[in-house]
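S.K.: Below are the sequence and a predicted model for it; my questions follow.
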Amino acid sequence: MAGKKVIITGVPGVGKTTVVNEALKKLKEDGVEYQSINFGTFMFEVAKSEGIAQDRDQMRALDRTVQKRLQQLAAQAIAQIPGNVLIDTHASVKTPKGYLAGLPEWVLREIMPDIVVLVETDNDQILMRRLSDETRMRDKEGSRSIAEHQQFNRSIAAAYAMVTGCTIKIITNADFLLEQASQNLAETLR
Amino acid sequence: MAGKKVIITGVPGVGKTTVVNEALKKLKEDGVEYQSINFGTFMFEVAKSEGIAQDRDQMRALDRTVQKRLQQLAAQAIAQIPGNVLIDTHASVKTPKGYLAGLPEWVLREIMPDIVVLVETDNDQILMRRLSDETRMRDKEGSRSIAEHQQFNRSIAAAYAMVTGCTIKIITNADFLLEQASQNLAETLR
Amino acid sequence: MAGKKVIITGVPGVGKTTVVNEALKKLKEDGVEYQSINFGTFMFEVAKSEGIAQDRDQMRALDRTVQKRLQQLAAQAIAQIPGNVLIDTHASVKTPKGYLAGLPEWVLREIMPDIVVLVETDNDQILMRRLSDETRMRDKEGSRSIAEHQQFNRSIAAAYAMVTGCTIKIITNADFLLEQASQNLAETLR
(Lines give C-alpha, C1' and ligand atoms only; values in the text may rest on other atoms or scores of the structure.)
Protein backbone atom coordinates (compact mmCIF):
# COMPACT_ATOMS: atom_id res chain seq x y z
CA MET A 1 0.00 0.00 0.00
CA ALA A 2 1.22 3.50 -0.79
CA GLY A 3 2.06 5.59 2.25
CA LYS A 4 0.10 8.45 3.72
CA LYS A 5 1.05 12.09 3.38
CA VAL A 6 0.01 14.00 6.49
CA ILE A 7 0.68 17.71 6.97
CA ILE A 8 0.93 18.95 10.53
CA THR A 9 0.45 22.60 11.45
CA GLY A 10 -0.05 24.86 14.46
CA VAL A 11 0.57 28.46 15.49
CA PRO A 12 3.93 29.13 17.18
CA GLY A 13 3.95 28.12 20.85
CA VAL A 14 1.12 25.63 20.60
CA GLY A 15 3.37 22.71 21.54
CA LYS A 16 3.21 20.95 18.19
CA THR A 17 6.64 19.29 18.45
CA THR A 18 5.88 17.68 21.82
CA VAL A 19 2.55 16.32 20.63
CA VAL A 20 4.14 14.95 17.45
CA ASN A 21 7.03 13.26 19.30
CA GLU A 22 4.67 11.57 21.76
CA ALA A 23 2.36 10.42 18.98
CA LEU A 24 5.21 9.02 16.87
CA LYS A 25 6.53 7.12 19.90
CA LYS A 26 3.12 5.49 20.44
CA LEU A 27 2.89 4.58 16.75
CA LYS A 28 6.39 3.09 16.69
CA GLU A 29 5.38 0.76 19.53
CA ASP A 30 2.59 -0.46 17.27
CA GLY A 31 4.92 -0.85 14.29
CA VAL A 32 3.66 2.20 12.39
CA GLU A 33 6.50 4.33 11.02
CA TYR A 34 6.45 7.89 9.71
CA GLN A 35 9.28 9.84 8.14
CA SER A 36 9.20 13.39 9.56
CA ILE A 37 10.24 16.30 7.40
CA ASN A 38 10.10 20.03 7.85
CA PHE A 39 8.82 21.77 4.73
CA GLY A 40 11.01 24.87 5.19
CA THR A 41 14.19 22.83 5.71
CA PHE A 42 13.35 20.56 2.81
CA MET A 43 12.81 23.57 0.55
CA PHE A 44 16.15 25.02 1.59
CA GLU A 45 17.88 21.73 0.70
CA VAL A 46 16.26 21.90 -2.74
CA ALA A 47 17.41 25.53 -3.10
CA LYS A 48 20.98 24.58 -2.21
CA SER A 49 21.08 21.63 -4.58
CA GLU A 50 19.72 23.84 -7.39
CA GLY A 51 22.29 26.53 -6.59
CA ILE A 52 19.56 29.07 -5.82
CA ALA A 53 20.58 29.84 -2.22
CA GLN A 54 23.53 29.05 0.08
CA ASP A 55 22.01 30.06 3.41
CA ARG A 56 18.53 30.55 4.84
CA ASP A 57 18.73 34.35 4.87
CA GLN A 58 19.03 34.28 1.10
CA MET A 59 15.81 32.27 0.99
CA ARG A 60 13.80 35.17 2.34
CA ALA A 61 15.27 37.54 -0.25
CA LEU A 62 14.21 35.46 -3.26
CA ASP A 63 11.62 37.03 -5.50
CA ARG A 64 8.08 35.74 -5.62
CA THR A 65 8.40 33.77 -8.85
CA VAL A 66 11.58 31.98 -7.76
CA GLN A 67 10.06 31.22 -4.35
CA LYS A 68 6.98 29.77 -6.03
CA ARG A 69 9.10 27.54 -8.26
CA LEU A 70 11.11 26.36 -5.26
CA GLN A 71 7.96 25.54 -3.30
CA GLN A 72 6.68 23.52 -6.21
CA LEU A 73 9.98 21.66 -6.67
CA ALA A 74 10.05 20.81 -2.96
CA ALA A 75 6.45 19.61 -3.08
CA GLN A 76 7.17 17.42 -6.10
CA ALA A 77 10.12 15.84 -4.31
CA ILE A 78 8.03 15.21 -1.20
CA ALA A 79 5.33 13.55 -3.29
CA GLN A 80 7.96 11.03 -4.46
CA ILE A 81 8.97 9.90 -0.94
CA PRO A 82 7.73 6.34 -0.36
CA GLY A 83 5.95 5.27 2.84
CA ASN A 84 4.24 7.43 5.44
CA VAL A 85 5.43 11.03 5.56
CA LEU A 86 4.64 13.66 8.20
CA ILE A 87 5.25 17.16 6.86
CA ASP A 88 5.73 19.93 9.40
CA THR A 89 4.71 23.39 8.17
CA HIS A 90 2.20 26.19 8.81
CA ALA A 91 -1.43 26.44 7.69
CA SER A 92 -0.72 30.17 7.37
CA VAL A 93 2.18 32.42 8.31
CA LYS A 94 1.63 35.77 10.01
CA THR A 95 3.77 38.44 8.32
CA PRO A 96 3.78 42.26 8.60
CA LYS A 97 1.87 42.33 5.30
CA GLY A 98 -0.78 39.87 6.55
CA TYR A 99 -1.44 36.13 6.57
CA LEU A 100 0.33 34.09 3.90
CA ALA A 101 -0.90 30.64 2.81
CA GLY A 102 1.42 27.94 4.14
CA LEU A 103 0.13 25.58 1.48
CA PRO A 104 -0.62 27.54 -1.68
CA GLU A 105 -2.43 25.70 -4.43
CA TRP A 106 0.76 24.86 -6.38
CA VAL A 107 2.13 23.04 -3.31
CA LEU A 108 -1.13 21.24 -2.47
CA ARG A 109 -1.65 19.94 -6.01
CA GLU A 110 1.77 18.25 -5.90
CA ILE A 111 1.58 16.74 -2.41
CA MET A 112 -2.16 15.92 -2.44
CA PRO A 113 -2.11 15.18 1.31
CA ASP A 114 -4.41 12.62 2.94
CA ILE A 115 -4.82 14.69 6.10
CA VAL A 116 -3.99 18.23 7.26
CA VAL A 117 -3.78 18.40 11.08
CA LEU A 118 -4.32 21.67 12.96
CA VAL A 119 -2.83 21.50 16.46
CA GLU A 120 -4.59 24.25 18.41
CA THR A 121 -4.61 25.72 21.87
CA ASP A 122 -8.05 25.87 23.42
CA ASN A 123 -9.75 29.23 22.84
CA ASP A 124 -11.34 28.92 26.28
CA GLN A 125 -7.86 28.81 27.78
CA ILE A 126 -6.88 31.88 25.84
CA LEU A 127 -9.97 33.56 27.26
CA MET A 128 -9.15 32.45 30.81
CA ARG A 129 -5.61 33.74 30.50
CA ARG A 130 -7.01 36.98 29.12
CA LEU A 131 -9.46 37.49 31.98
CA SER A 132 -7.03 36.61 34.75
CA ASP A 133 -3.94 38.34 33.46
CA GLU A 134 -2.56 41.33 35.32
CA THR A 135 -0.56 42.91 32.50
CA ARG A 136 -3.83 43.41 30.76
CA MET A 137 -3.39 45.16 27.47
CA ARG A 138 -0.51 43.11 26.19
CA ASP A 139 -2.01 39.77 26.95
CA LYS A 140 -5.42 40.83 25.70
CA GLU A 141 -3.90 41.66 22.34
CA GLY A 142 -1.93 38.45 22.42
CA SER A 143 -4.93 36.25 23.13
CA ARG A 144 -7.09 37.88 20.50
CA SER A 145 -4.41 37.59 17.94
CA ILE A 146 -3.84 33.87 18.60
CA ALA A 147 -7.57 33.28 18.30
CA GLU A 148 -7.64 35.25 15.04
CA HIS A 149 -4.71 33.33 13.62
CA GLN A 150 -6.21 29.96 14.60
CA GLN A 151 -9.52 30.96 13.03
CA PHE A 152 -7.73 31.98 9.83
CA ASN A 153 -5.95 28.63 9.83
CA ARG A 154 -9.27 26.78 10.02
CA SER A 155 -10.64 28.84 7.15
CA ILE A 156 -7.70 28.26 4.87
CA ALA A 157 -7.63 24.58 5.84
CA ALA A 158 -11.23 24.33 4.59
CA ALA A 159 -10.05 25.64 1.22
CA TYR A 160 -7.23 23.05 1.27
CA ALA A 161 -9.85 20.32 1.83
CA MET A 162 -11.86 21.46 -1.19
CA VAL A 163 -8.87 21.34 -3.53
CA THR A 164 -7.32 18.05 -2.37
CA GLY A 165 -10.12 16.00 -0.82
CA CYS A 166 -7.97 15.63 2.31
CA THR A 167 -9.49 15.60 5.79
CA ILE A 168 -8.90 18.47 8.24
CA LYS A 169 -8.27 17.18 11.76
CA ILE A 170 -8.41 19.69 14.61
CA ILE A 171 -6.45 18.54 17.67
CA THR A 172 -6.60 20.60 20.85
CA ASN A 173 -3.43 20.66 22.93
CA ALA A 174 -4.92 21.80 26.23
CA ASP A 175 -2.87 22.37 29.39
CA PHE A 176 -2.27 19.15 31.30
CA LEU A 177 -3.84 17.16 28.47
CA LEU A 178 -0.79 16.38 26.34
CA GLU A 179 -1.52 12.67 26.69
CA GLN A 180 -4.97 13.17 25.17
CA ALA A 181 -3.67 15.30 22.30
CA SER A 182 -0.88 12.86 21.41
CA GLN A 183 -3.27 9.90 21.63
CA ASN A 184 -5.66 11.75 19.32
CA LEU A 185 -2.86 12.45 16.84
CA ALA A 186 -1.64 8.85 16.98
CA GLU A 187 -5.13 7.58 16.10
CA THR A 188 -5.33 10.07 13.25
CA LEU A 189 -1.98 8.93 11.83
CA ARG A 190 -2.60 5.21 12.30
CA MET B 1 -34.62 29.30 -19.32
CA ALA B 2 -32.25 26.69 -17.98
CA GLY B 3 -33.03 25.44 -14.50
CA LYS B 4 -31.27 26.26 -11.27
CA LYS B 5 -28.93 23.92 -9.45
CA VAL B 6 -29.19 24.47 -5.71
CA ILE B 7 -27.20 22.48 -3.17
CA ILE B 8 -28.69 22.17 0.31
CA THR B 9 -26.58 21.26 3.32
CA GLY B 10 -26.77 21.18 7.12
CA VAL B 11 -25.19 19.31 10.03
CA PRO B 12 -27.06 16.18 11.19
CA GLY B 13 -30.05 16.98 13.38
CA VAL B 14 -30.53 20.51 12.11
CA GLY B 15 -33.97 19.73 10.67
CA LYS B 16 -33.00 20.18 7.03
CA THR B 17 -35.58 17.74 5.63
CA THR B 18 -38.51 19.45 7.35
CA VAL B 19 -37.44 22.88 6.17
CA VAL B 20 -36.99 21.62 2.61
CA ASN B 21 -40.36 19.87 2.50
CA GLU B 22 -42.19 22.95 3.75
CA ALA B 23 -40.35 25.19 1.29
CA LEU B 24 -41.05 22.91 -1.68
CA LYS B 25 -44.76 22.81 -0.72
CA LYS B 26 -44.92 26.60 -0.75
CA LEU B 27 -43.12 26.76 -4.10
CA LYS B 28 -45.41 24.16 -5.65
CA GLU B 29 -48.43 26.31 -4.74
CA ASP B 30 -46.78 29.07 -6.77
CA GLY B 31 -46.04 26.77 -9.69
CA VAL B 32 -42.30 26.49 -9.05
CA GLU B 33 -41.06 22.91 -9.27
CA TYR B 34 -37.79 21.39 -8.08
CA GLN B 35 -36.53 17.87 -8.56
CA SER B 36 -34.99 16.69 -5.27
CA ILE B 37 -32.02 14.36 -5.32
CA ASN B 38 -29.69 13.08 -2.65
CA PHE B 39 -26.07 13.18 -3.76
CA GLY B 40 -25.07 10.02 -1.86
CA THR B 41 -27.97 8.00 -3.23
CA PHE B 42 -27.38 9.31 -6.72
CA MET B 43 -23.70 8.37 -6.53
CA PHE B 44 -24.62 4.87 -5.40
CA GLU B 45 -26.94 4.47 -8.40
CA VAL B 46 -24.07 5.49 -10.67
CA ALA B 47 -21.79 2.97 -8.92
CA LYS B 48 -24.33 0.19 -9.41
CA SER B 49 -24.90 0.97 -13.07
CA GLU B 50 -21.11 1.03 -13.63
CA GLY B 51 -20.74 -2.29 -11.77
CA ILE B 52 -18.47 -0.71 -9.16
CA ALA B 53 -20.60 -1.51 -6.10
CA GLN B 54 -23.68 -3.61 -5.31
CA ASP B 55 -24.50 -2.23 -1.87
CA ARG B 56 -23.76 0.91 0.11
CA ASP B 57 -21.27 -0.77 2.44
CA GLN B 58 -19.06 -1.46 -0.56
CA MET B 59 -19.15 2.27 -1.34
CA ARG B 60 -17.26 3.11 1.85
CA ALA B 61 -14.58 0.53 1.06
CA LEU B 62 -13.71 1.96 -2.37
CA ASP B 63 -10.28 3.45 -2.69
CA ARG B 64 -9.75 7.16 -2.98
CA THR B 65 -9.17 7.28 -6.74
CA VAL B 66 -12.28 5.22 -7.54
CA GLN B 67 -14.38 7.30 -5.13
CA LYS B 68 -13.16 10.47 -6.78
CA ARG B 69 -14.06 9.17 -10.24
CA LEU B 70 -17.51 8.13 -8.99
CA GLN B 71 -18.13 11.54 -7.46
CA GLN B 72 -17.20 13.18 -10.73
CA LEU B 73 -19.41 10.85 -12.79
CA ALA B 74 -22.35 11.54 -10.48
CA ALA B 75 -21.75 15.29 -10.68
CA GLN B 76 -21.61 15.15 -14.49
CA ALA B 77 -24.92 13.28 -14.58
CA ILE B 78 -26.54 15.80 -12.23
CA ALA B 79 -25.33 18.68 -14.41
CA GLN B 80 -27.31 17.13 -17.31
CA ILE B 81 -30.67 17.05 -15.46
CA PRO B 82 -32.99 19.66 -17.01
CA GLY B 83 -35.07 22.08 -14.91
CA ASN B 84 -34.58 23.09 -11.28
CA VAL B 85 -32.65 20.59 -9.16
CA LEU B 86 -32.23 20.59 -5.39
CA ILE B 87 -29.22 18.50 -4.36
CA ASP B 88 -29.11 17.26 -0.77
CA THR B 89 -25.59 16.69 0.58
CA HIS B 90 -23.15 17.97 3.22
CA ALA B 91 -20.91 21.03 3.12
CA SER B 92 -18.44 18.88 5.05
CA VAL B 93 -18.59 15.46 6.68
CA LYS B 94 -17.17 14.84 10.14
CA THR B 95 -15.07 11.65 10.14
CA PRO B 96 -12.65 10.16 12.70
CA LYS B 97 -9.80 11.49 10.52
CA GLY B 98 -11.29 15.02 10.43
CA TYR B 99 -13.60 17.09 8.24
CA LEU B 100 -13.97 15.98 4.64
CA ALA B 101 -15.19 18.34 1.88
CA GLY B 102 -18.73 17.44 0.84
CA LEU B 103 -18.16 19.23 -2.43
CA PRO B 104 -14.56 18.78 -3.54
CA GLU B 105 -13.42 20.84 -6.48
CA TRP B 106 -13.97 18.03 -9.03
CA VAL B 107 -17.65 17.86 -8.02
CA LEU B 108 -18.17 21.63 -7.94
CA ARG B 109 -16.66 22.22 -11.37
CA GLU B 110 -19.14 19.78 -12.90
CA ILE B 111 -22.31 20.95 -11.13
CA MET B 112 -21.44 24.67 -11.02
CA PRO B 113 -24.33 25.36 -8.61
CA ASP B 114 -26.24 28.64 -8.54
CA ILE B 115 -26.67 28.56 -4.77
CA VAL B 116 -25.30 26.57 -1.83
CA VAL B 117 -27.66 26.73 1.17
CA LEU B 118 -26.40 26.16 4.73
CA VAL B 119 -29.28 25.27 7.07
CA GLU B 120 -27.97 26.01 10.56
CA THR B 121 -29.12 25.85 14.13
CA ASP B 122 -28.71 29.10 15.98
CA ASN B 123 -25.43 29.28 17.88
CA ASP B 124 -27.21 31.25 20.61
CA GLN B 125 -29.50 28.27 21.13
CA ILE B 126 -26.51 25.98 21.38
CA LEU B 127 -25.13 28.34 23.99
CA MET B 128 -28.42 28.43 25.94
CA ARG B 129 -28.58 24.66 25.94
CA ARG B 130 -24.98 24.57 27.07
CA LEU B 131 -25.51 26.97 29.97
CA SER B 132 -28.73 25.38 31.21
CA ASP B 133 -27.79 21.75 30.83
CA GLU B 134 -27.35 19.60 33.93
CA THR B 135 -25.24 16.83 32.42
CA ARG B 136 -22.61 19.41 31.83
CA MET B 137 -19.54 17.93 30.27
CA ARG B 138 -21.25 15.90 27.61
CA ASP B 139 -23.50 18.64 26.36
CA LYS B 140 -20.74 21.19 26.54
CA GLU B 141 -18.68 19.07 24.20
CA GLY B 142 -21.69 18.49 22.00
CA SER B 143 -22.55 22.15 21.68
CA ARG B 144 -18.98 23.18 20.99
CA SER B 145 -18.60 20.55 18.38
CA ILE B 146 -21.78 21.57 16.52
CA ALA B 147 -20.60 25.17 16.54
CA GLU B 148 -17.19 24.07 15.25
CA HIS B 149 -18.71 21.99 12.49
CA GLN B 150 -21.06 24.81 11.42
CA GLN B 151 -18.15 27.24 11.39
CA PHE B 152 -16.12 24.85 9.25
CA ASN B 153 -19.07 24.54 6.89
CA ARG B 154 -19.20 28.32 6.45
CA SER B 155 -15.48 28.42 5.76
CA ILE B 156 -15.55 25.71 3.15
CA ALA B 157 -18.69 27.22 1.60
CA ALA B 158 -16.73 30.43 1.10
CA ALA B 159 -14.17 28.46 -0.90
CA TYR B 160 -17.02 26.92 -2.93
CA ALA B 161 -18.25 30.45 -3.74
CA MET B 162 -14.82 31.48 -5.01
CA VAL B 163 -14.55 28.54 -7.40
CA THR B 164 -18.11 28.54 -8.80
CA GLY B 165 -19.43 32.09 -8.39
CA CYS B 166 -22.46 30.64 -6.56
CA THR B 167 -24.10 32.44 -3.65
CA ILE B 168 -23.90 31.05 -0.10
CA LYS B 169 -27.22 31.39 1.70
CA ILE B 170 -27.25 30.86 5.46
CA ILE B 171 -30.70 29.88 6.78
CA THR B 172 -31.23 29.57 10.52
CA ASN B 173 -33.68 26.90 11.62
CA ALA B 174 -34.43 28.18 15.12
CA ASP B 175 -36.78 26.46 17.57
CA PHE B 176 -40.43 27.39 16.93
CA LEU B 177 -39.40 29.28 13.80
CA LEU B 178 -39.73 26.57 11.17
CA GLU B 179 -42.21 28.74 9.27
CA GLN B 180 -39.63 31.51 9.00
CA ALA B 181 -36.86 29.15 7.88
CA SER B 182 -39.00 27.47 5.22
CA GLN B 183 -40.25 30.85 3.97
CA ASN B 184 -36.66 32.02 3.75
CA LEU B 185 -35.67 28.91 1.80
CA ALA B 186 -38.68 29.23 -0.54
CA GLU B 187 -37.67 32.81 -1.40
CA THR B 188 -34.10 31.68 -2.03
CA LEU B 189 -35.24 28.92 -4.39
CA ARG B 190 -37.86 31.00 -6.24
CA MET C 1 10.47 46.98 -10.25
CA ALA C 2 6.93 46.05 -11.26
CA GLY C 3 4.19 47.66 -9.21
CA LYS C 4 2.05 46.12 -6.51
CA LYS C 5 -1.57 45.11 -6.95
CA VAL C 6 -3.44 45.57 -3.69
CA ILE C 7 -7.14 44.84 -3.30
CA ILE C 8 -8.97 46.72 -0.57
CA THR C 9 -12.27 45.51 0.85
CA GLY C 10 -14.65 46.15 3.77
CA VAL C 11 -18.34 45.77 4.59
CA PRO C 12 -20.51 48.84 3.86
CA GLY C 13 -20.23 51.49 6.56
CA VAL C 14 -16.84 50.40 7.84
CA GLY C 15 -15.19 53.67 6.81
CA LYS C 16 -12.95 52.19 4.14
CA THR C 17 -12.76 55.35 1.99
CA THR C 18 -11.58 57.54 4.87
CA VAL C 19 -8.89 55.08 5.88
CA VAL C 20 -7.71 54.75 2.28
CA ASN C 21 -7.56 58.51 1.70
CA GLU C 22 -5.56 59.10 4.87
CA ALA C 23 -3.17 56.26 4.04
CA LEU C 24 -2.59 57.44 0.48
CA LYS C 25 -1.89 60.98 1.76
CA LYS C 26 0.79 59.62 4.13
CA LEU C 27 2.33 57.55 1.34
CA LYS C 28 2.39 60.50 -1.08
CA GLU C 29 4.42 62.48 1.47
CA ASP C 30 6.97 59.65 1.33
CA GLY C 31 6.94 59.56 -2.46
CA VAL C 32 4.95 56.33 -2.79
CA GLU C 33 2.17 56.59 -5.37
CA TYR C 34 -0.84 54.34 -5.95
CA GLN C 35 -3.40 54.54 -8.71
CA SER C 36 -6.84 53.97 -7.16
CA ILE C 37 -9.51 52.19 -9.13
CA ASN C 38 -12.95 50.88 -8.27
CA PHE C 39 -13.53 47.40 -9.66
CA GLY C 40 -17.26 47.95 -10.32
CA THR C 41 -16.70 51.25 -12.15
CA PHE C 42 -13.81 49.78 -14.12
CA MET C 43 -15.96 46.83 -15.17
CA PHE C 44 -18.72 49.18 -16.29
CA GLU C 45 -16.22 51.09 -18.45
CA VAL C 46 -15.19 47.81 -20.07
CA ALA C 47 -18.87 46.94 -20.64
CA LYS C 48 -19.50 50.32 -22.32
CA SER C 49 -16.45 50.07 -24.56
CA GLU C 50 -17.49 46.55 -25.59
CA GLY C 51 -21.07 47.75 -26.28
CA ILE C 52 -22.46 45.34 -23.66
CA ALA C 53 -24.15 47.96 -21.43
CA GLN C 54 -24.92 51.70 -21.59
CA ASP C 55 -25.82 52.30 -17.96
CA ARG C 56 -25.18 50.60 -14.63
CA ASP C 57 -28.73 49.25 -14.29
CA GLN C 58 -28.15 47.18 -17.39
CA MET C 59 -25.08 45.70 -15.69
CA ARG C 60 -27.19 44.00 -13.05
CA ALA C 61 -29.48 42.49 -15.70
CA LEU C 62 -26.68 40.74 -17.59
CA ASP C 63 -26.75 36.97 -17.51
CA ARG C 64 -24.23 34.99 -15.53
CA THR C 65 -22.01 33.99 -18.46
CA VAL C 66 -21.75 37.55 -19.82
CA GLN C 67 -21.06 38.91 -16.33
CA LYS C 68 -18.32 36.36 -15.85
CA ARG C 69 -16.70 37.30 -19.16
CA LEU C 70 -16.89 40.99 -18.26
CA GLN C 71 -15.29 40.38 -14.87
CA GLN C 72 -12.48 38.51 -16.52
CA LEU C 73 -11.94 41.21 -19.18
CA ALA C 74 -11.82 43.89 -16.49
CA ALA C 75 -9.36 41.84 -14.43
CA GLN C 76 -7.11 41.32 -17.47
CA ALA C 77 -7.10 45.07 -18.14
CA ILE C 78 -6.26 45.81 -14.48
CA ALA C 79 -3.38 43.31 -14.61
CA GLN C 80 -1.87 45.40 -17.44
CA ILE C 81 -1.82 48.71 -15.51
CA PRO C 82 1.80 49.62 -14.71
CA GLY C 83 2.91 50.80 -11.24
CA ASN C 84 1.14 50.38 -7.91
CA VAL C 85 -2.61 49.87 -8.14
CA LEU C 86 -5.15 49.90 -5.31
CA ILE C 87 -8.35 48.12 -6.32
CA ASP C 88 -11.48 48.91 -4.34
CA THR C 89 -14.03 46.08 -4.26
CA HIS C 90 -15.75 43.65 -1.85
CA ALA C 91 -14.43 40.40 -0.42
CA SER C 92 -18.04 39.22 -0.66
CA VAL C 93 -21.33 40.89 -1.52
CA LYS C 94 -24.47 40.25 0.52
CA THR C 95 -27.43 39.60 -1.80
CA PRO C 96 -30.97 38.27 -1.16
CA LYS C 97 -29.75 34.90 -2.49
CA GLY C 98 -26.74 34.85 -0.14
CA TYR C 99 -23.09 35.88 -0.15
CA LEU C 100 -21.42 36.25 -3.54
CA ALA C 101 -17.64 36.10 -4.01
CA GLY C 102 -16.28 39.56 -4.77
CA LEU C 103 -13.19 37.96 -6.27
CA PRO C 104 -14.16 34.74 -8.00
CA GLU C 105 -11.34 32.54 -9.20
CA TRP C 106 -11.43 33.84 -12.80
CA VAL C 107 -10.81 37.38 -11.51
CA LEU C 108 -8.10 36.38 -9.02
CA ARG C 109 -6.11 34.37 -11.56
CA GLU C 110 -5.87 37.43 -13.82
CA ILE C 111 -5.01 40.04 -11.20
CA MET C 112 -2.86 37.81 -8.97
CA PRO C 113 -2.83 40.45 -6.21
CA ASP C 114 0.07 40.91 -3.81
CA ILE C 115 -2.18 41.76 -0.87
CA VAL C 116 -5.91 41.64 -0.08
CA VAL C 117 -6.81 44.06 2.74
CA LEU C 118 -9.90 43.56 4.91
CA VAL C 119 -10.89 46.80 6.66
CA GLU C 120 -13.07 45.71 9.58
CA THR C 121 -14.99 47.24 12.44
CA ASP C 122 -14.08 45.79 15.79
CA ASN C 123 -16.38 42.93 16.80
CA ASP C 124 -16.11 44.09 20.41
CA GLN C 125 -17.58 47.43 19.38
CA ILE C 126 -20.41 45.65 17.65
CA LEU C 127 -20.99 43.73 20.85
CA MET C 128 -20.90 46.90 22.96
CA ARG C 129 -23.40 48.57 20.67
CA ARG C 130 -25.53 45.45 20.85
CA LEU C 131 -25.54 45.30 24.65
CA SER C 132 -26.17 49.01 25.21
CA ASP C 133 -28.76 49.58 22.52
CA GLU C 134 -32.33 50.41 23.52
CA THR C 135 -34.08 49.41 20.28
CA ARG C 136 -32.94 45.92 20.96
CA MET C 137 -34.13 43.56 18.30
CA ARG C 138 -33.16 45.63 15.30
CA ASP C 139 -29.68 46.43 16.43
CA LYS C 140 -29.11 42.91 17.66
CA GLU C 141 -29.86 41.61 14.22
CA GLY C 142 -27.73 44.33 12.67
CA SER C 143 -24.71 43.59 14.83
CA ARG C 144 -24.93 39.87 14.34
CA SER C 145 -25.22 40.26 10.64
CA ILE C 146 -22.15 42.53 10.37
CA ALA C 147 -20.16 40.02 12.41
CA GLU C 148 -21.39 37.21 10.17
CA HIS C 149 -20.49 39.11 7.01
CA GLN C 150 -17.02 39.99 8.32
CA GLN C 151 -16.43 36.39 9.30
CA PHE C 152 -17.48 35.24 5.84
CA ASN C 153 -15.09 37.77 4.33
CA ARG C 154 -12.21 36.34 6.34
CA SER C 155 -13.08 32.83 5.23
CA ILE C 156 -13.27 33.67 1.57
CA ALA C 157 -10.09 35.77 1.84
CA ALA C 158 -8.31 32.64 3.11
CA ALA C 159 -9.39 30.85 -0.08
CA TYR C 160 -8.07 33.83 -2.11
CA ALA C 161 -4.71 33.46 -0.35
CA MET C 162 -4.48 29.79 -1.26
CA VAL C 163 -5.09 30.43 -4.97
CA THR C 164 -2.88 33.50 -5.43
CA GLY C 165 -0.23 33.36 -2.71
CA CYS C 166 -1.21 36.90 -1.70
CA THR C 167 -1.20 38.02 1.93
CA ILE C 168 -4.46 38.79 3.77
CA LYS C 169 -4.11 41.88 5.94
CA ILE C 170 -6.83 42.56 8.51
CA ILE C 171 -7.04 46.24 9.51
CA THR C 172 -9.40 47.27 12.30
CA ASN C 173 -10.98 50.68 11.92
CA ALA C 174 -12.04 51.25 15.54
CA ASP C 175 -13.86 54.37 16.77
CA PHE C 176 -11.46 57.24 17.47
CA LEU C 177 -8.59 55.20 16.04
CA LEU C 178 -8.67 56.28 12.39
CA GLU C 179 -5.06 57.46 12.69
CA GLN C 180 -3.97 53.98 13.74
CA ALA C 181 -5.90 52.27 10.96
CA SER C 182 -4.58 54.58 8.24
CA GLN C 183 -1.03 54.24 9.57
CA ASN C 184 -1.43 50.48 9.51
CA LEU C 185 -2.71 50.58 5.92
CA ALA C 186 0.11 52.92 4.84
CA GLU C 187 2.72 50.50 6.20
CA THR C 188 1.01 47.64 4.42
CA LEU C 189 1.02 49.49 1.09
CA ARG C 190 4.57 50.86 1.40
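M.R.: That came through, no problem.
S.K.: Which residues of chain A lie near chain B?
M.R.: For chain A, the residues in contact with chain B (C-beta under 8 Å from any C-beta of the partner chain) are A:114-117, A:154-155, A:157-159, A:161-165, A:167-170, A:187-188. Just so you know, the C-beta spots here come from the backbone N, C-alpha and C atoms, and that holds for glycine as well.
S.K.: Count the residues that sit near A:Gly15.
M.R.: Close neighbours of A:Gly15, defined as other C-beta atoms under 10 Å in any protein chain shown, add up to 15.
S.K.: now do the one 5 residues further on
M.R.: Number of residues near A:Val20 (other C-beta under 10 Å) recorded here: 23.
S.K.: Run through who's touching the helix or strand containing it.
M.R.: Applying DSSP states H and E as the criterion places A:Val20 in helix A:16-29. Helix A:16-29 has contacts (C-beta atoms under 8 Å, 6 or more residues apart in numbering or on different chains) with A:8-10, A:33-34, A:36, A:86, A:88, A:119, A:171, A:173, A:178-179, A:181-183, A:185-186, A:189-190.
S.K.: same deal with stretch A:58-78?
M.R.: Counting by C-beta under 8 Å, 6+ apart, A:5, A:37, A:39, A:42-44, A:46-47, A:50, A:52-53, A:85, A:87, A:104, A:106-108, A:110-111, C:165 sit against stretch A:58-78.
S.K.: Would you write a ChimeraX line that selects the buried entries of these?
M.R.: What follows is the ChimeraX syntax selecting those of these that are buried according to 16 or more other C-beta atoms under 10 Å in any protein chain shown:
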select /A:5,37,39,42,43,44,46,47,52,53,85,87,104,106,107,108,110,111 /C:165
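S.K.: what angle sits between the longest helix along chain A and helix C:136-164?
M.R.: Using DSSP state H, we find that the single longest helix of chain A is helix A:136-164. Helix A:136-164 runs at 60 degrees relative to helix C:136-164, counting by axes from the mean of the first three to the mean of the last three C-alpha atoms, to 10 degrees.
S.K.: Centre-most residue in chain A?
M.R.: When C-alpha atoms, centre = their mean is applied to chain A, the residue found nearest the centroid is A:Thr9 (2.0 Å).
S.K.: picking that back up, mind checking which of the contacts of helix A:16-29 are buried?
M.R.: The neighbour-count test (16+ other C-beta under 10 Å) marks A:8-10, A:34, A:86, A:88, A:119, A:171, A:173, A:181-183, A:185-186, A:189 as buried among the contacts of helix A:16-29.
S.K.: Give me the buried stretch members for stretch A:92-104, please.
M.R.: A:Ser92, A:Val93, A:Lys94, A:Lys97, A:Gly98, A:Tyr99, A:Leu100, A:Ala101, A:Gly102, A:Leu103, A:Pro104.
S.K.: Sheet partners, orientation included, of whichever strand or helix holds the residue nearest to the centre of chain A?
M.R.: Applying DSSP H and E as the criterion places A:Thr9 in strand A:5-10. Strand A:5-10 has the following strand partners under DSSP bridges: strand A:85-88 (parallel), strand A:115-120 (parallel).
S.K.: Quick check: the gap between the closest residue to chain C within chain A and C:Ser182.
M.R.: For chain A, the residue closest to chain C is A:Gly98, as judged by C-beta to the nearest C-beta, at 3.2 Å. Counting by C-beta to C-beta, to the nearest Å, the gap from A:Gly98 to C:Ser182 is 16 Å.
S.K.: these two touch, right, A:Asp114 and A:Thr167?
M.R.: Yes. Between A:Asp114 and A:Thr167 there is a contact under C-beta atoms under 8 Å: 7.3 Å.
S.K.: list the residues that contact both of the two?
M.R.: Jointly contacting A:Asp114 and A:Thr167 under the rule C-beta under 8 Å, 6+ apart are B:Lys97.
S.K.: In terms of neighbours, single out the busier of these two.
M.R.: Shown here are A:Asp114 and A:Thr167; by other C-beta under 10 Å, A:Thr167 has more neighbours (24 against 21).
S.K.: Just give the nearest non-adjacent residue to the more buried one, would you?
M.R.: Nearest residue to A:Thr167, sequence neighbours excluded (C-beta to C-beta, 6 or more residues apart in numbering or on different chains): B:Gly98, at 3.6 Å.
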